[in-house]
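1. Sequence and predicted structure, then a few things I'm wondering about:
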Amino acid sequence: MQSLGIDVLFKGTNMIRLLKGLWVSVEISLISVAISIVLGLIVGVLMTAKNRIIRLFFRVYLEIVRIMPQMVLLFIVYFGTTRVFGMNISAELSAIIVFVFWGTAEMGDLVRGSIKSIPRIQYDSAYALGMDKFQVHFFIIFPQTIRRLIPLSINLVTRMVKTTSLVMMIGIVEVLKVAQQIIEANRKASPNAAFGIFAVVFLLYFLVCWPISRFAVKLEKRWA
Amino acid sequence: MDLNVLKSYIPLYNEALLLTVKIGFIGILTAFAIGLSGAWAIYFKIPVVKKVLTIYIELFRNTPLLVQLFFIYFALPKLGLKISAELCGILGLGLIGGAYMIETFRSGLESIDKVQSESALSLGMTEGQVFFDIILPQAFSVSMPGIMANVIFLLKETSVFSTISLMDLMFTAKDLIGMYAKTIECLFLLVVYYLIMLLPVSILGSIIERRVRYAEFGD
Amino acid sequence: MSELVKVKHLHKEFGNNVVLKDINLSVKKGEVVVIIGPSGCGKSTFLRCLNGLEEIQGGVVTVDGLPVEPDKKDISNIRQKIGMVFQSYDLFPHKTVLENTILAPIKVQKRIKDDAIREALELLDKVGLADKKDYYPRQLSGGQKQRVAIVRALLMHPDVLLFDEVTAALDPEMVHEVLQTMLELAKSGSTMIIVTHEMAFAKAVADRIVFFDKGEIVEETRDVKEFFEEPKTERAKRFLKTFAYE
């Protein structure tokens, strides 16, 4: 293993630094997900609105998010705003803005889909039992929507974590950047460090995302 | 915005678009091939292959493409596997895409009612005929919306190629911003070129989705 | 008359669950056998064993003297001798009515396409569906679909036809047209094994009634009329009672 650079990991604080780098990505995604879920719930309900203009507006918003790579959005916010508005937004804030912009649209669409997936007969039979509009929504529709929604929003978390790997491109020192720094610093002593370090980064991402997606699959099966 | 600047940048963006589309296309074809054969192997429960594929799918669906590319491009050469940036891009896109495509095709295959293959078998068709003439065409059209979503996702993912110094759209924009600081022009063209690449695919996708959902076969 | 389908000591289980025990039955050429019994009695599974869609754990099934064994290479040849129509969803949704019927004759039996088409159109005409030949299954009613499925099975020139509750998923007004088609087939001398819940139809079409319960044949008789009026076994009596309202 010596020659493949695993040893570099145990030199000094390298492993701690990598984990700290990973935490930077996870932190950004957790903040973004939390905001996205709240905003997404509102946007999702608005997406099912009867008003055509409102629906069209959110349709266009979703389409933009779906088409533009997150990296492009990151560049626009990070480099573009400085030029246009003369504001200096920190890289971290830019990342959170972009991921919330993206996450809200995705979450909104999940909410819309979950609401739409409740069959009409559920409303009809609830009304037939004499419930009023509030009771139908609160006791019948809402609980069913949430059950469909939770596994899907957990998946959004893993997508978010994976996407935050992009923030190194706007200069945030996260796990990949730390990895590069460690490899660079040990270039002479351990020329093969790239293998060991990048393998570990690969594994770290997997260890964060895999349990979360397994959990989502389990919930989906149990609530299906 | 300076029109002359835009004009002078266009040829560079054209070249970058061409490279992005080329690698994207070959990568997606690779993903397609992996997806079809992988889904086939899982559908027929081929013993060891199924296990290996499951591990592969979990690994590649639960890590970012950027990390996968770094591993292929910077780590594998240490084992003596040195490949060009272009090939690395194709391989990375093919591998991550393959993992998603297998899942898409597999759920398509599993959505076809068992009676379909049984009635084909009862007509004397062989397992192969049943799969290729009866199950696959149906599974394919069921999977179509998922396939299109994967294609768009993969084309978007090409934006990380710049990190392994492939001169794609992202690389070109970043490079030009760094050299001439015409940020707005560069970002404007970046958005326009991604729209040129992705809007037609997205529109095609929603047309197909609508057809599959409302019409299916026979209109 | 020769025995076309022969079943000896058939034993079938799913895991530890025995679904068919020691079934013996033989069907002669031109005979129409109707199998009835409560749901879950194993009658559908029995039918599926006849053309090798289910593995069996004991006994032998032969058709035209050839053993039916699911894993054998020649199972396809044997299945061509056995036509089968299922409860529903058995037409291929990506193919038109005509394509559905001629697919197997061309692909499996390597017949000339024009001949297959000519015969398919003749048969479709007989069941009143010639004008629907270019329709896709989803454009047809349930009854029309099942008649196409019957034509598709007939086009293979099978020695015996199996019907697995073919009207169970149909709206009541569709049931009649399908059963009528089957009745005509029976009159023309086809060998048929039918699983059904339509008692009036069973009475009209059957040469022989086989009553299944809990995985075994409880009663078997050629005296069809007597079976429905005065069944010999207690279990058959109880079963027939479930169709009456008092």
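-> Perfect, thanks for sending it. Numbers count the residues shown, from 1 in each chain, chains lettered A, B, ... in the order given.

2. ok, residue B:42 touching residue B:53?
-> Yes: between residue B:42 and residue B:53 there is a contact at 6.0 Å, judged by Cβ atoms under 8 Å. All C-beta spots, glycine's among them, are computed from the backbone N, C-alpha and C.

3. any common contacting residues for the two?
-> Residues touching both residue B:42 and residue B:53 by Cβ atoms under 8 Å, 6 or more residues apart in numbering or on different chains: residue B:102.

4. Chain B contacts on chain C?
-> Counting by Cβ under 8 Å from any Cβ of the partner chain, chain C comes close to chain B at C:48, C:51, C:53, C:76-77, C:79-80, C:82-84, C:86-96, C:103-104, C:107-109, C:135-139, C:149, C:152-153, C:156, C:162.

5. pLDDT weak spots in chain A?
-> A:1-5 (pLDDT under 70).

6. May I ask you to name the longest helix in it?
-> helix A:14-47 (DSSP state H).

7. for it, packing partners?
-> Packing partners of helix A:14-47 (3 or more Cβ pairs under 8 Å, 6 or more residues apart in numbering or on different chains; DSSP states H and E): helix A:6-9, helix A:52-67, helix A:91-116, helix A:142-163, helix A:175-185, helix A:193-223.

8. Among these, single out whichever gets nearest to residue A:125.
-> helix A:142-163 (12.5 Å; Cβ to Cβ).

9. list the buried ones in that closest one?
-> A:144-145, A:148-149, A:151-163 (16 or more other Cβ atoms under 10 Å in any protein chain shown).

10. And stretch A:168-186, by the same measure?
-> Those would be A:168-170, A:172-183, A:186, for stretch A:168-186 by 16+ other Cβ under 10 Å.

11. Distance check, residue B:134 against residue C:93.
-> 10 Å (Cβ to Cβ, to the nearest Å).

12. ok, the two, which is more surrounded?
-> Remark: of residue B:134 and residue C:93, residue B:134 carries more neighbours, 23 against 19, as counted by other Cβ atoms under 10 Å in any protein chain shown.

13. For residue A:74, the count of nearby residues, please.
-> Neighbours of residue A:74 under the rule other Cβ under 10 Å: 25.

14. Tell me the helix or strand right after the host helix or strand of it.
-> For residue A:74, the enclosing helix or strand under DSSP states H and E is helix A:70-75. The first helix or strand that comes after helix A:70-75 along the chain, using DSSP H and E, is helix A:81-85.

15. does that following helix come close to chain B?
-> Yes: if you take Cβ under 8 Å from any Cβ as the test, helix A:81-85 does meet chain B, through A:82-84.

16. Mind putting those into JSON lines with neighbour count and distance to residue B:58?
-> Formatted as JSON lines, the residues of helix A:81-85 next to chain B follow (neighbours: other Cβ atoms under 10 Å in any protein chain shown; distance: Cβ to Cβ, whole Å):
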{"residue": "A:82", "neighbour count": "14", "distance to residue B:58": "40"}
{"residue": "A:83", "neighbour count": "15", "distance to residue B:58": "42"}
{"residue": "A:84", "neighbour count": "12", "distance to residue B:58": "43"}
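
17. could these go into a markdown table alongside distance to chain C?
-> Below are the residues of helix A:81-85 next to chain B laid out as a markdown table (distance: Cβ to the nearest Cβ, whole Å):
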| residue | distance to chain C |
| --- | --- |
| A:82 | 55 |
| A:83 | 54 |
| A:84 | 52 |
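
18. ok, which residues in chain A are in contact with chain B?
-> Counting by Cβ under 8 Å from any Cβ, chain A sits next to chain B at A:4-5, A:63, A:66-72, A:75-76, A:79-80, A:82-84, A:158, A:162-163, A:165-166, A:168-169, A:176, A:179, A:183, A:192, A:194-195, A:197-199, A:201-202, A:205-206, A:209-210, A:213.

19. do stretch B:66-77 and chain A meet at all?
-> Yes: residues of stretch B:66-77 are located near chain A by Cβ under 8 Å from any Cβ, namely B:66-68, B:70-71, B:74-77.

20. got the contact list for residue A:13?
-> Counting by Cβ under 8 Å, 6+ apart, there are no residues that residue A:13 touches.

21. What of residue C:53?
-> Residue C:53 is in contact with B:118, B:121-122, C:70, counting by Cβ under 8 Å, 6+ apart.

22. So which of those residues wins on neighbours?
-> residue B:122 leads the contacts of residue C:53 on contacts (other Cβ under 10 Å) with 28 neighbours.

23. Can you name the next helix or strand after the helix of greatest length in chain B?
-> Identified as the longest helix of chain B according to DSSP H is helix B:3-43. As assigned by DSSP H and E, the chain's next helix or strand after helix B:3-43 is helix B:47-61.

24. Could you tell me how far whatever helix or strand comes next after that following helix lies from the centre of the chain?
-> Per DSSP H and E, the first helix or strand lying C-terminal to helix B:47-61 is helix B:65-70. Put simply, helix B:65-70 sits 15 Å off its chain's centre (Cα atoms, centre = their mean, to the nearest Å).

25. With just CA atoms, put helix B:65-70 into PDB.
-> Output in PDB follows, covering the C-alpha atoms of helix B:65-70 (Å, rounded to 0.1, in the frame of the first residue of the first chain):
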ATOM      1  CA  LEU B  65     -19.100  12.700 -11.600                       C
ATOM      2  CA  LEU B  66     -16.400  15.200 -10.700                       C
ATOM      3  CA  VAL B  67     -14.900  12.800  -8.200                       C
ATOM      4  CA  GLN B  68     -15.200   9.900 -10.600                       C
ATOM      5  CA  LEU B  69     -13.400  11.900 -13.300                       C
ATOM      6  CA  PHE B  70     -10.600  12.900 -10.900                       C
END
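
26. OK, contacts around residue 69?
-> Assuming you mean chain A. So residue A:69 contacts B:156-159, B:170, B:194 (Cβ under 8 Å, 6+ apart).

27. um, chain C though
-> Residue C:69 sits next to C:52, C:75 when contact means Cβ under 8 Å, 6+ apart.

28. And the pLDDT for the nearest residue to residue B:93 once chain neighbours are set aside?
-> Leaving aside its chain neighbours, residue B:93 sits nearest to residue B:27 (3.0 Å; criterion: Cβ to Cβ, 6 or more residues apart in numbering or on different chains). We have a pLDDT of 96 for residue B:27.

29. Chain C contacts on chain B?
-> Counting by Cβ under 8 Å from any Cβ, the residues of chain B near chain C are B:113, B:115-116, B:118-126, B:129, B:133-134, B:137-138, B:141, B:216-218.

30. Give the buried subset of these as a PyMOL selection command.
-> Burial among those is assessed by 16+ other Cβ under 10 Å; the matching PyMOL selection reads:
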select buried, chain B and resi 115+116+118+119+120+121+122+123+124+125+126+129+133+134+137+138+141+216+217
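
31. Okay, and which of the residues of chain B next to chain C map to helices?
-> Filtering those for helices - DSSP H - leaves B:115-116, B:118-122, B:129, B:137-138, B:141.

32. Show me which pair in these is furthest apart.
-> Greatest spatial distance in these: B:122 and B:141, 23.5 Å, computed using Cβ to Cβ.

33. about what we covered before: can you list the residues of stretch B:66-77 next to chain A in CSV and add pLDDT and neighbour count?
-> Shown next, in CSV, are the residues of stretch B:66-77 next to chain A (pLDDT from 0 to 100; neighbours: other Cβ atoms under 10 Å in any protein chain shown):
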residue, pLDDT, neighbour count
B:66, 91, 26
B:67, 92, 23
B:68, 92, 23
B:70, 90, 25
B:71, 91, 21
B:74, 88, 18
B:75, 86, 24
B:76, 87, 18
B:77, 85, 15
